[in-house]
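Trainee: sequence and predicted structure below; questions after.
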Amino acid sequence: MVDVEETQTILSNKTMLEMYWTMLLSRKLDERAWIIHRQGKIAFHISGIGHEAAQVGAAFAMERGVDWLVPYYRDLAMLLAFGLTPKEFVLGLLGKKGEPSSGARQMPSHWSLRRANVVSHSSPVATQTPHASGIGLAIKMRGDRAVVLTSIGEGSTSQGEWYEGVNWAAIHQLPVIFLVENNEYAISVPQPKQMAVSSVAQKAKGLGLEGISVNGLDVLETYQSVKRAVDKARSGGGPTVIEVCVSRMTPHSSDDDDRSYRSKEEIEAMKAQDPLDMYRAHLMQEGVLNQAAEDELQTRAKAAVEEAIQFAEQAPFPDIEDASFPVFVEDIQNA
Amino acid sequence: MVDVEETQTILSNKTMLEMYWTMLLSRKLDERAWIIHRQGKIAFHISGIGHEAAQVGAAFAMERGVDWLVPYYRDLAMLLAFGLTPKEFVLGLLGKKGEPSSGARQMPSHWSLRRANVVSHSSPVATQTPHASGIGLAIKMRGDRAVVLTSIGEGSTSQGEWYEGVNWAAIHQLPVIFLVENNEYAISVPQPKQMAVSSVAQKAKGLGLEGISVNGLDVLETYQSVKRAVDKARSGGGPTVIEVCVSRMTPHSSDDDDRSYRSKEEIEAMKAQDPLDMYRAHLMQEGVLNQAAEDELQTRAKAAVEEAIQFAEQAPFPDIEDASFPVFVEDIQNA
Amino acid sequence: MPEVTLIEGIRQAMDEELARDENVFIVGEDVGPRGGVFRATEGLYEKYGGERVLDSPLAELSIVGVGIGAALYGLRPICEIQFADFIHPAFNQIVNEAARMCYRSNGEWQVPMVIRAPYGGGIGGGLYHSQSVEAFFAHVPGLKVVIPSNPYDAKGLLKSAIRDPNPVIYFEPKKGYRLIKGEIPEDEEVLVPIGAANVSRPGTDLTVIAYGMMHYYTLQAAQAAESKGIDVEVIDLRTITPIDKKTILASVQKTGKVLIVYEDNLTGGFGAEISAILAEDAFTYLDAPIRRLAGPDVPAAPYSHPLQNWFMLDPKKISDAIQELAEF
Amino acid sequence: MPEVTLIEGIRQAMDEELARDENVFIVGEDVGPRGGVFRATEGLYEKYGGERVLDSPLAELSIVGVGIGAALYGLRPICEIQFADFIHPAFNQIVNEAARMCYRSNGEWQVPMVIRAPYGGGIGGGLYHSQSVEAFFAHVPGLKVVIPSNPYDAKGLLKSAIRDPNPVIYFEPKKGYRLIKGEIPEDEEVLVPIGAANVSRPGTDLTVIAYGMMHYYTLQAAQAAESKGIDVEVIDLRTITPIDKKTILASVQKTGKVLIVYEDNLTGGFGAEISAILAEDAFTYLDAPIRRLAGPDVPAAPYSHPLQNWFMLDPKKISDAIQELAEF
Ligand SMILES: Cc1ncc(C[n+]2csc(CCOP(=O)(O)OP(=O)(O)O)c2C)c(N)n1
Ligand SMILES: Cc1ncc(C[n+]2csc(CCOP(=O)(O)OP(=O)(O)O)c2C)c(N)n1
Ligand SMILES: [Mg+2]
Ligand SMILES: [Mg+2]
């Protein structure tokens, strides 16, 4: 589906299947989260359905274990690619003990995974952008070979925090990728009310760095574009803004009802371009996947989700005695 | 000196001389402020020397009395063009009663002149930018024919406040001119440490509005460019970012010493391109000004400055009883 | 009189003021077709159009900054900040600009504007959808800070805030949006003055001072205390700044004991100021230490349910503190 | 021992810590070749180079935000905010990010960083170069707030702050930068612990609690009071949060009277918290109302000299308040 150029990295079938598996697992977990929300078992879910190709494409372009990630709340598929387990995700949904991002202090999907260089982020949007540039600055000062990628929604690029963060990376040519997952909405507010440019990639022009726009429904196209930017950053070529055009196939979150601001037809049209379906079709067409393998993956995904739910439902809540710390680092040492 | 195109407004000799007078008066006041600072009579001065052409060119392109101005601290010449008197300026320098911007509550050169639609600004840079867009929004909502111009230094465009403010104007096509007086320094920090673009005009590209760069040492070029943008804004054509390239011919302020961060040669080179000298030469060459007229203007300017100083030195300080209000609007009414 | 929810009182106030004064407009994220994430502006976009109920970019500092500009021109913006936790990007515009404009221009420029924001915990919002931030703004000369505790006050105070010529920060107890109900007359104009506290329950044994959601819980706690023979006077501050010193001093003069209840973190919360006023001006009337009951000093209520409950005050914790103080 | 200025103590601390730990770096506006607008970083750019003494863009939120990122990676940034008045654009990064990082990640991520800013009035700075802003940050769990009052403490506290694994806000009384002098030993490592107040003048009649510039004035006022036969105990808080309750309680227990002096606006200033602690925990020892002497509730010190003097506290105003309280 991607026009393969000379410069493109050739992916093994194994890797392409791994990417598919990650997307599939993310989708199944995500769908299940909506179901248990409707069952009243969880209070909140924010979904990545429609963003999986962009996230998995980006994650696989990075050297996981070396590179750093400063994500945002829609990045379930990205996090799975970085090693978050389904069990850990569901512990977060339920606010249970052992939830690795925050010890269940934060809402679900507020990621952090120190073991995988995934930095904690908060709810106020765009605060993570300067953090990524700070990490980039530190990488450059130390002379390390890591690259940092930070993701965000297109609406959040309206924040001064985004502008200032990107500006630093441009000035100092830092090894940072600013991935903008553009789903055309910020809750209910459509892109034309956020910006006068037609693509977030254009924003890069105003800051003096490269900006590109990619079809984020296409996992392989995203992979190739992010890979090129990561290679560039790693070799001292500086930062890139990458807009990945995706679909938010669900309401903003479980608190939202999108019928007041977008039409059924719009949602139907998105479903006809489901990135998971498209990738599956591509893999089948290329002979990388067949129906038997697909059935097995589906079964495996279903089982993984089931197991995660069971595990997390039986897990205890955090101990109340733990709620009062660690406000300061010494609280950890004293604990 | 300007390449006159068809679309350019033809200025009368009278107007061109008025522009010269405003620049001259500003320069003389400003030079005197440095002197009385050295004499220990005032605690602070921040200078517009080198910016006069840009400011006067911009001010004369506006319909004063109708249009709105949200200035910044270097805009002495702009303020004089808007009707601030030399006496009022010196009252501000000395923190005396009757100072119209703030009743001597703010530092000198923190402008406000309600009678002339000049909005109060503060010290934190770039906070005024969203205000200008808000005024533009109000103008548009009311259907008024006014235009608003806001000025700022190039360093201050690094602030998220600038980005967010300009973004609003671009989205809603507001009648706002964002004038950036680029003197290549923010105190000691040179432009390449502020931004990766070579011109602030490029920043407009990232926000989806027109951006132009103008020789701000040339008052007539600045006039023509700002006039075109003002006309465009007035007729519903939306906002423009205008970079005016100027020289900061002095240290940042009376608290600064610029020898630690720039060379003598640099300053000499600026003096060779003094916008006041260049405009004088142009007017003489065109026969608009002759030596006799020049001598008279010099004498008049000197007298005006002298009178202002005398007046302000004799003026009383504000009454201490006034210091406690008006924190709230009702304090004015009760006063 | 019909019984309505607190958020309905807020909606009514905006509806009436939009109708009354063409200078009033609403600006914020998702306030338009979506009607606000809590539905406070529901139906207003349809009624008044997209210019007067304006969806902003996702950028709080410019929601406030653009609002300030519009106010300088003579309009009366109501700026909605989606959650109080997201007001911090606008801190500079609020503190350095809106609050100081009148004083710094010696009265020449004024900023008649309201900033509305839902605050407080108890809705599973975690660290960033639960914050109480009133103390920051109560510390800033030039701002008025208002927090209603029931539908009638919510409506009457918001209408007053919209008509006020100064910047008013109006915090809404989101946990009470639909939980707190009350009557609002339909046939009269509801206006509640800014700056006046309300003795919502007269009593003789001790005074409890609260506001917002904590006032709602305090009334329940006072009820519980009554069954133990403790006669509690409850004061609903309604306006945080300027604080109604007269009302609180009169009450403490009468009861001699005071408990201050607030949901925000204990240290440096607004209860500290209330306590300091009383420790200076009511000292000779006090029969017991001034007690503060407040949120613990961790960064807002955690998400997980048991942890959130640990953080949050409730009627039980308040009535326990009442009893302890009564026994002093 | 050589006598040096307060700002020299600050410069020495940075110099020594830059030399000691290669993870330490300075970032801010004009900190490089210019050496800072107050010259706090003078000579450091020349000594350590532009990577470790880094001129930032004119953008405070990203000075702090980029600092947080670098700290997460393991560096130890010292972020300079040119004036405390300009810290407000960074409020969101400080309050929502730096302060909450440790708690919100259950300790996995830490932000060892110092934010330095000159604060306070009296230098003709007007509304925007005179602000005292410590109360905002003292209210935020997860931050430590430090304010030195003399060169020795300035050096010792800043070195401790740089080594602290938490975000520390370090406010510098700019009026005292060159005015306040004192000895700093050259042959020993000067380290002053965060969290410990200092009884800078023992006394028996009443306690005055202050910090920063006001502590300097208070010592002078206490001297003046002595001549009137009033024996004042002076406490220099040094660390605002976490506050050293033990030291202040012990003092008030002894003297029975307390005056709290701060330069910030009265309402909601940090003195309110000190008062509230004492009104609760030292109530039974108090012989007089808790007095607060603070800046008036207008937006910071005006520019014009007489107006600035009206705003600012000074030794005379403090000693008057001491006398009044002693006579209660
Ligand atoms: C500073 C701040 N303001 C408001 C919000 C509330 N909010 C949460 S997500 C969101 C929309 C984000 O849109 P976008 O950036 O496009 O990302 P998307 O959710 O579409 O992926 C808003 C307004 C917030 N989290 N932070
Ligand atoms: C928010 C903020 N940070 C820092 C300062 C201190 N400061 C005053 S002017 C200035 C430099 C401004 O440079 P630029 O925008 O280029 O304008 P110029 O003075 O060169 O005209 C700085 C850093 C300030 N006033 N406001
Ligand atoms: Mg979006
Ligand atoms: Mg400049």
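Mentor: Noted; the coordinates are in hand. Ligands and ions are numbered 1, 2, ... in the order given.
Trainee: spatially central residue in the chain, please.
Mentor: In the absence of a named chain, chain A is used. residue A:75 (2.5 Å; CA atoms, centre = their mean).
Trainee: list the contacts for that one?
Mentor: A:48, A:51, A:55, A:109, A:111, A:151 (CB atoms under 8 Å, 6 or more residues apart in numbering or on different chains). All C-beta atoms are positioned from the backbone trio N, CA, C, and that covers glycine.
Trainee: phi and psi next, for the last one.
Mentor: Reported as degrees, to the nearest 10, the phi and psi values for residue A:151 are phi -110, psi 160.
Trainee: tell me what it is bridged to.
Mentor: Assessed by DSSP bridges, residue A:151 has beta-bridge partners residue A:179.
Trainee: return the distance of it relative to residue A:219.
Mentor: Distance of residue A:151 to residue A:219, computed by CB to CB, to the nearest Å: 15 Å.
Trainee: in stretch A:180-190, what counts as buried?
Mentor: The neighbour-count check on stretch A:180-190 (16 or more other CB atoms under 10 Å in any protein chain shown) flags A:180-189 as buried.
Trainee: swap in stretch C:264-274?
Mentor: Judged by neighbour count using 16+ other CB under 10 Å, the buried positions of stretch C:264-274 are C:264-274.
Trainee: secondary structure, pLDDT and distance to chain A added to the residues you listed, as TSV?
Mentor: TSV is the format used below for those (DSSP: H, G, I helix; E, B strand; the rest coil; pLDDT from 0 to 100; distance: CB to the nearest CB, whole Å):
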residue	secondary structure	pLDDT	distance to chain A
C:264	strand	98	15
C:265	strand	98	10
C:266	coil	98	12
C:267	coil	98	11
C:268	coil	98	14
C:269	coil	98	16
C:270	helix	98	21
C:271	helix	98	19
C:272	helix	98	19
C:273	helix	98	23
C:274	helix	98	24
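Trainee: thinking again about what came up before, distance of the residue nearest to the centre of chain A relative to residue A:90?
Mentor: Taken as CB to CB, the span from residue A:75 to residue A:90 is 16 Å.
Trainee: over to residue C:169?
Mentor: In terms of CB to CB, residue C:169 sits 39 Å off from residue A:90.
Trainee: between the two, which is the more surrounded one?
Mentor: Per other CB atoms under 10 Å in any protein chain shown, whichever of residue C:169 and residue A:90 has more neighbours is residue C:169, with 30 against 26.
Trainee: so what secondary structure elements neighbour the strand or helix carrying residue C:276?
Mentor: Taking DSSP states H and E as the criterion, residue C:276 maps to helix C:270-281. With contacts taken as 3 or more CB pairs under 8 Å, 6 or more residues apart in numbering or on different chains; DSSP states H and E, helix C:270-281 sits against helix C:134-138, helix C:245-255, strand C:258-265, strand C:291-295, helix D:270-281, strand D:291-295.
Trainee: just the strands in the stretch 51-200 of chain C please.
Mentor: In the stretch 51-200 of chain C, the segments counted as strands under DSSP state E, counting those that start in this stretch are C:53-55, C:76-80, C:113-119, C:144-146, C:167-173, C:181-183, C:198-201.
Trainee: strand partners (parallel or antiparallel) of the third one?
Mentor: Its sheet considered, strand C:113-119 pairs with strand C:76-80 (parallel), strand C:167-173 (parallel) by DSSP bridges.
Trainee: for it, the distance to its chain's centre please.
Mentor: 9 Å (CA atoms, centre = their mean, to the nearest Å).
Trainee: thinking again about what came up before, which one of the helices and strands packed on helix C:270-281 lies closest to residue B:204?
Mentor: Distance to residue B:204, taken as CB to CB, is lowest for helix C:134-138 among these, at 34.8 Å.
Trainee: do you know the pLDDT at the residue of the stretch 1-150 of chain C found nearest chain D?
Mentor: Closest approach between the stretch 1-150 of chain C and chain D, counting by CB to the nearest CB: residue C:139, at 3.2 Å. Residue C:139 is assigned 98 on the pLDDT scale.
Trainee: need the contact list for the nearest residue to it once chain neighbours are set aside.
Mentor: Take residue C:139 and drop its neighbours on the chain: the residue closest to it by CB to CB, 6 or more residues apart in numbering or on different chains is residue D:268, 3.2 Å away. Residue D:268 sits next to C:135, C:138-140, C:241, C:270, C:272-273, D:135 when contact means CB under 8 Å, 6+ apart.
Trainee: please report the distance of residue D:268 from ligand 4.
Mentor: 36 Å (CB to the ion, to the nearest Å).
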